[in-house]
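K.L.:
requesting a structural model of the entry that follows:
(chains A, B, C and D)
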Number of protein chains: 2
Amino acid sequence: MKYANQKKLLVAVDCIIFGYDGEDLKLLIIKRPIEPIRDQWSLMGGFVEENEDLNGAAKRILLSLTGLHDVYLEQLHAYGDPKRDSVERTISIAYFALIDIKKYSKQLNNLYHAEWFKLKEVPKLIFDHNQMVTAALDKIRYQAALHPILFELLPKKFTIPQLQALYEQVYDSPIDNRNFIRKITSSGMLIKQNEKDKSNSRRGAFYFKLDKLKHRSQFQSFLNFIPK
Amino acid sequence: MKYANQKKLLVAVDCIIFGYDGEDLKLLIIKRPIEPIRDQWSLMGGFVEENEDLNGAAKRILLSLTGLHDVYLEQLHAYGDPKRDSVERTISIAYFALIDIKKYSKQLNNLYHAEWFKLKEVPKLIFDHNQMVTAALDKIRYQAALHPILFELLPKKFTIPQLQALYEQVYDSPIDNRNFIRKITSSGMLIKQNEKDKSNSRRGAFYFKLDKLKHRSQFQSFLNFIPK
DNA sequence: CCAAAAGTGTTTGTCCTACACCCATGA
DNA sequence: TCATGGGTGTAGGACAAACACTTTTGG
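P.N.:
Sure thing, here's the model as predicted:
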């Protein structure tokens, strides 16, 4: 038995792909590979297929663009204005992804002419894609205040100066590094390695790894009206 | 120009409707009015129509069930498992709504056989609707820690004991009332009225109104890694 | 005058902030 | 030896938590 007489709609997934290269927070966008509006800057997206769920569609799209499995991926929002896609009405489920740019394995200038743009230099994108990017950044700031998601943008081994620079980029504000180190180490999430990264200074900075198990949700401590 | 050869899908909106009557936090559900699986408990939902956006669909659905315009409504999540709806594949965009039960204007036992259930006594719902309810409660707890959304569940004039009881229900934990009053009043959001509500005690409790303008986002103060 | 709910302060500890210098090392 | 970035400590203030009694008033 089916639902009779109900109109069906196109459903797409669009991916807001953030990356960090140790220096800048960046967004990966493509030149739209299909007509119409071909070659305009756009988020990477695609239509949801018959036997995949929404996360599956997002994973497929990310894999095809970046060559990466196992990317941090989170649903952002569903966009459904009847006029948002000027070609034909399409519901878009937006996802954001966080990846370490160094892991990005595809050649640039491939089929999609994908390019990394610094966040502040992202050009005009088609449809409501710029709005999606803004919403994604807001959500990341929100999430990162409570959960250790920014580590997804870093390699497994990273230094504290790298981590701090990342936080500074995400929140677009300078952070006192003594306070930062105290907070981040007192959270118990980091495991110090014996190696140092000497690529940025003569003294070298110790590498750390994230201890995902030790990270306890800090959520309760943010509930200002609720006692622990 | 259209997109060629893309499969379209059914897109529905389901509403998780929370209400508060001054005593209990409740959920409004209906007996499914259509075949198949008719008369099973279900969230109120409907298909997205051709010329409405997602918020518009959610508003339409809420109005038809509750008779209320101007309800607090927020998109929760898009659900897209190909098997989530056992009748036919349907993408569901879930919204949650917060309403003051006393404003609810429709008769119960109408076309939909709608009923308010205490949150802890909600029965098995069809499809993934119980999962949606759980996710909505989680999101409300999250949001309410940072934003004054719980006031949407109260009448314009409310007492502090009512407000505290609401917080206690939402977080399912007792709150010290001296600390609660200090926090809530120091936020500057409340305007004390001269009237008292004498329905619950001989002494009476002062009414308050919410000053929406004075409520400044408390978000920054929760960003533990970021200085003010 | 009493029962029942509303309302009120203080102390203690924790956590955030602001702030400036020494360390290690390769060139 | 010096230039460069990495790493360290402390004091003051603000905020959250714990905790118990007084006030009001209708019946």
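K.L.:
pLDDT-wise, which helix or strand of chain A ranks last?
P.N.:
helix A:177-186 (a mean of 90; mean pLDDT, DSSP states H and E).
K.L.:
list the contacts of residue A:200.
P.N.:
A:159, A:161 (CB atoms under 8 Å, 6 or more residues apart in numbering or on different chains). Glycine gets a C-beta too; all of them are placed from N, C-alpha and C.
K.L.:
and what of residue A:135?
P.N.:
A:76, A:77, A:94.
K.L.:
just checking, which of those belong to strands?
P.N.:
Under the assignment DSSP state E, the contacts of residue A:135 contribute A:76, A:77, A:94 to strands.
K.L.:
burial measure for whichever residue of chain A sits closest to DNA strand C, as a count.
P.N.:
Residue nearest to DNA strand C within chain A: residue A:202 (3.2 Å; CB to the nearest atom of the strand). By other CB atoms under 10 Å in any protein chain shown, the residues close to residue A:202 number 5.
K.L.:
coming back round to it: of the ones in strands among the contacts of residue A:135 - the most surrounded one?
P.N.:
Going by other CB under 10 Å, residue A:94 tops the ones in strands among the contacts of residue A:135 with 26 neighbours.
K.L.:
distance of that one relative to residue B:183?
P.N.:
Residue A:94 sits at a distance of 35 Å from residue B:183 (criterion: CB to CB, to the nearest Å).
K.L.:
before we move on, what about residue A:168?
P.N.:
31 Å.
K.L.:
please identify the helix or strand for residue A:193.
P.N.:
strand A:190-197 (DSSP states H and E).
K.L.:
extract the C-alpha trace of the helix ranked longest in chain A and format it as CSV.
P.N.:
Longest helix in chain A, counting residues (DSSP state H): helix A:129-146. The C-alpha coordinates for helix A:129-146 follow below in CSV (Å, rounded to 0.1, in the frame of the first residue of the first chain):
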residue,chain,number,x,y,z
HIS,A,129,24.7,28.1,-0.3
ASN,A,130,26.4,31.1,1.3
GLN,A,131,23.6,31.2,3.9
MET,A,132,24.3,27.5,4.6
VAL,A,133,28.0,28.2,5.1
THR,A,134,27.2,30.9,7.6
ALA,A,135,24.8,28.6,9.5
ALA,A,136,27.3,25.9,9.5
LEU,A,137,30.0,28.1,11.0
ASP,A,138,27.5,29.2,13.7
LYS,A,139,26.7,25.6,14.5
ILE,A,140,30.4,24.7,14.7
ARG,A,141,31.0,27.5,17.1
TYR,A,142,28.1,26.3,19.2
GLN,A,143,29.2,22.7,19.1
ALA,A,144,32.8,23.3,19.6
ALA,A,145,32.0,25.1,22.9
LEU,A,146,30.6,21.9,24.3
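K.L.:
can the helix or strand that comes right after that helix be found next to DNA strand D?
P.N.:
Downstream of helix A:129-146, the first helix or strand assigned by DSSP H and E is strand A:158-159. Yes: using CB under 7 Å from any atom of the strand, we find that strand A:158-159 touches DNA strand D at residue A:159.
K.L.:
could you pull out the helices in chain A for me?
P.N.:
Going by DSSP H, chain A shows helices at A:54-66, A:129-146, A:160-171, A:177-186.
K.L.:
quick one: these as TSV, columns for distance to DNA strand D too.
P.N.:
TSV is the format used below for these (distance: least, CB to the nearest atom of the strand, whole Å):
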stretch	distance to DNA strand D
helix A:54-66	28
helix A:129-146	15
helix A:160-171	3
helix A:177-186	3
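K.L.:
confidence-wise, which of the ones you listed is weakest overall?
P.N.:
Ranked by mean pLDDT, the helices of chain A end with helix A:177-186 at the bottom, a mean of 90.
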